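Chemist: Here you go, sequence then predicted model.
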Amino acid sequence: MTRANPWRVVCASAIGSDHVLAGLPNQDHALVQQVDDRLVIVVSDGAGSAMYAAIGARLACENALALLTTVSGPEVDVRDALVTGIQAAVRAEAEARTATMRDFACTLLGVVVAPDWSLFLQVGDGAIVVTTAAGYEWIFWPEKGEHFNETAFVTQRDAADHLEVAWRLAVDEVVVFTDGLERLALDFDKRVAHPAFFAPMIGALHAGADAAELEAFLASPRVSERTSDDKTLVLASRR
């Protein structure tokens, strides 16, 4: 018999002020699904300069979720199937719109946590942070190009070369966020996760905070004055 999944998860997103001024939609997308005893999280950030970035982010999440919900253990290799599946879906959409793959440029963050193992993957920026005995630990450092706002996209030709994958023992708490929150959540000089950001977030989750409260925080002046980009945050705990 499969036991019930014990996870509590809250997911929220808020549009960035730059996107409001430019008349753009929120180009982030996130999906969360609990499958038997596993938790699956996928998050994507559409490139602000891409015409169909929001659609690209949605397609990336939908296809990544469909694949990751089938992962049954560390013996499963998701690398080729992940990139191939996402790019096939984006290519079909691009052809239908007479557009290019670059028009759908987006990043990808993915998490699967089972009772005794976990899988993490990432293309581009944003980050995944887990709670450990030592504090808060990032899984992959955000990939940046020559300039801070440059990164890799799961839609680009060599996306497989930028795909980072890590299998680990199971974790009890995980936080996933797009690059709009990087400067609040990460110390780029010391390359560490800020406890002052994560401790209150996890504490609020334990206290019963819901998506509306999390969205209000992301849209609040205290956050908006520090970042003008779209912001998506997923908090999950089974403690």
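Modeler: Yes, it's here. Numbers count the residues shown, from 1 in each chain.
Chemist: how about the strands in this protein?
Modeler: Counting by DSSP state E, the chain has strands at residues 8-14, 28-35, 38-45, 108-113, 118-123, 127-132, 135-138, 164-168, 173-177, 186-187, 192-193, 231-237.
Chemist: Can I get the ones you listed in CSV including distance to residue 209 and mean pLDDT?
Modeler: C-beta coordinates here come from the backbone N, C-alpha and C atoms, glycine included. Formatted as CSV, these follow (distance: least, C-beta to C-beta, whole Å; pLDDT from 0 to 100):
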stretch, distance to residue 209, mean pLDDT
strand 8-14, 6, 98
strand 28-35, 15, 97
strand 38-45, 17, 98
strand 108-113, 20, 98
strand 118-123, 23, 98
strand 127-132, 16, 97
strand 135-138, 18, 98
strand 164-168, 27, 96
strand 173-177, 13, 98
strand 186-187, 22, 98
strand 192-193, 19, 98
strand 231-237, 8, 98
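Chemist: Make JSON lines out of those and add mean neighbour count.
Modeler: Converted to JSON lines, these look like this (neighbours: other C-beta atoms under 10 Å):
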{"stretch": "strand 8-14", "mean neighbour count": "20"}
{"stretch": "strand 28-35", "mean neighbour count": "21"}
{"stretch": "strand 38-45", "mean neighbour count": "27"}
{"stretch": "strand 108-113", "mean neighbour count": "27"}
{"stretch": "strand 118-123", "mean neighbour count": "24"}
{"stretch": "strand 127-132", "mean neighbour count": "20"}
{"stretch": "strand 135-138", "mean neighbour count": "16"}
{"stretch": "strand 164-168", "mean neighbour count": "13"}
{"stretch": "strand 173-177", "mean neighbour count": "25"}
{"stretch": "strand 186-187", "mean neighbour count": "16"}
{"stretch": "strand 192-193", "mean neighbour count": "16"}
{"stretch": "strand 231-237", "mean neighbour count": "24"}
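Chemist: Count the neighbours of residue 80 for me.
Modeler: 10 (other C-beta atoms under 10 Å).
Chemist: next one: residue 73
Modeler: What residue 73 shows, counting by other C-beta under 10 Å, is a neighbour count of 11.
Chemist: Leaving out sequence neighbours, find the closest residue to it.
Modeler: residue 117 (6.5 Å; C-beta to C-beta, 6 or more residues apart in numbering).
Chemist: any idea how far the one you found is from residue 109?
Modeler: 18 Å (C-beta to C-beta, to the nearest Å).
Chemist: For the residue nearest to residue 73, give me its contacts.
Modeler: Applying C-beta atoms under 8 Å, 6 or more residues apart in numbering, we find residue 117 in contact with 73, 74, 167, 168, 169, 170.
Chemist: Repeat that for residue 91.
Modeler: residue 101.
Chemist: let's go with 6 Å and repeat that
Modeler: Residue 91 makes contact with no residue under the criterion C-beta atoms under 6 Å, 6 or more residues apart in numbering.
Chemist: okay if I get the contacts of residue 117 as JSON lines plus distance to residue 207?
Modeler: Shown next, in JSON lines, are those (distance: C-beta to C-beta, whole Å):
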{"residue": "73", "distance to residue 207": "34"}
{"residue": "74", "distance to residue 207": "34"}
{"residue": "167", "distance to residue 207": "32"}
{"residue": "168", "distance to residue 207": "27"}
{"residue": "169", "distance to residue 207": "27"}
{"residue": "170", "distance to residue 207": "24"}
